[in-house]
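Peer 1: predicted model and sequence below, questions to follow.
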Amino acid sequence: MPPLRVFTWHIHGNYLLYLSQARVEFYLPVRTGGGEGYGGRGRTFPFGSNVHDVPVEAVRDQTFDCVLFQTRKNYEVDQYEVLSPAQRRLPRIYLEHDPPQGHPTDTRHWFDDPHGLLVHVTPFNALMWDNGRTPTRIIDHGILIPKDVRYSGEIARGLVVVNHLRQRGRRLGADIFEQLRRDIPLDLVGMDAESLGGLGEVSPPELPAFAARYRFFFHPIRYTSLGLAVLEAMTLGMPIVGLATTELVTVIENGVHGFIDTDVRRLREPMRQLLADATLARRLGENARRRARERFGIERFARDWEEAFAAVCK
């Protein structure tokens, strides 16, 4: 059978790159002037030939098998501006990247569709959302392991990777980063990192080689699903230090893959240990790399998505 044709928006570039490893043809709308979701393939990520740009004015003339929503705006606004009435009746999946941003346990998901499929990227997401009557499925992340980059850790500093950390504040741990960097050497990279004294943005293709030289990866985020940056660091062989919250508690075991705790004060000493002992950091990082390969392999991820698309399109 020919591969399924899926229409979606370009929302999270790294995730879309990993998703495109599935044997599916993806079609992305392109609008002059861009706008969220309308940049098409762009030039940042090395998408394969199964990812196609479609001028937004030509979308209604295309034939698709499924529509994949990734934001509330996609579902409540964009589909009515871009898709034809027939296309809006196609099989549909909503990919939820985040836990609820309102009440953490009593927020009803707006994708209320007994004939659709709500896909969560972590079990934590699925647990916290009120999914209502919509069928749900959990598809754990999948990560491409860089073939030519491995952990070296010669820079005796911790690395934090968060976009717009200052603007996004406490939820993503801006205060925790500022608190710990007073006595722990930490570098911040990401969009607008300079506003917090960080190093600035590093492009996604260059980030693995940049990150692999740091002694450990620090994840200050209080509330999220499971950061792709953490998993990407693990695939390099970096030890992880972070908060014992959300899905991270099922990924990192203390003293095995790194260190996690809900008491920020208790993270200082493990950080100092990693800075002082490169052998310890290398051992924990190798365990982290093995863990990432076992749970977040790209082959399993692609297969899970192929099965999800097939299920809604049958």
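Peer 2: Arrived safely, thanks for sending.
Peer 1: pLDDT weak spots in the stretch 151-300 of the chain?
Peer 2: Flagging of the stretch 151-300 of the chain using pLDDT under 70 yields an empty set of residue ranges.
Peer 1: strands along that one, start to end?
Peer 2: Along the stretch 151-300 of the chain, the stretches classed as strands by DSSP state E, counting those that start in this stretch are 155-161, 186-189, 214-219, 240-243, 258-261.
Peer 1: compare these and report which one is nearest to residue 62.
Peer 2: Across those, the minimum distance to residue 62, taken as C-beta to C-beta, is reached by strand 155-161, at 35.9 Å. No exception for glycine: its C-beta is placed from N, CA and C like everyone else's.
Peer 1: helices or strands up against that closest one?
Peer 2: Using 3 or more C-beta pairs under 8 Å, 6 or more residues apart in numbering; DSSP states H and E as the contact criterion, the elements in contact with strand 155-161 are strand 186-189, helix 207-211, strand 214-219, helix 228-236, helix 268-276.
Peer 1: output that strand as PDB, restricted to C-alpha atoms.
Peer 2: As requested, C-alpha coordinates have been extracted for strand 155-161 and formatted as PDB (Å, rounded to 0.1, in the frame of the first residue of the first chain):
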ATOM      1  CA  ILE A 155      34.100  21.700  30.000                       C
ATOM      2  CA  ALA A 156      33.700  21.500  33.800                       C
ATOM      3  CA  ARG A 157      30.300  23.300  33.700                       C
ATOM      4  CA  GLY A 158      26.600  22.400  33.500                       C
ATOM      5  CA  LEU A 159      24.500  23.200  30.500                       C
ATOM      6  CA  VAL A 160      20.900  24.400  30.500                       C
ATOM      7  CA  VAL A 161      18.900  24.400  27.200                       C
END
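Peer 1: so what touches it?
Peer 2: The set of residues external to strand 155-161 that reach it, using C-beta atoms under 8 Å, 6 or more residues apart in numbering, is 177, 184-190, 198, 207, 211, 213-220, 229, 233, 238, 241, 271, 274-275, 278.
Peer 1: okay, now residue 80: neighbour count?
Peer 2: Residues near residue 80, counting by other C-beta atoms under 10 Å, number 10.
Peer 1: contacts only, for it.
Peer 2: The contact partners of residue 80, by C-beta under 8 Å, 6+ apart, come to residue 88.
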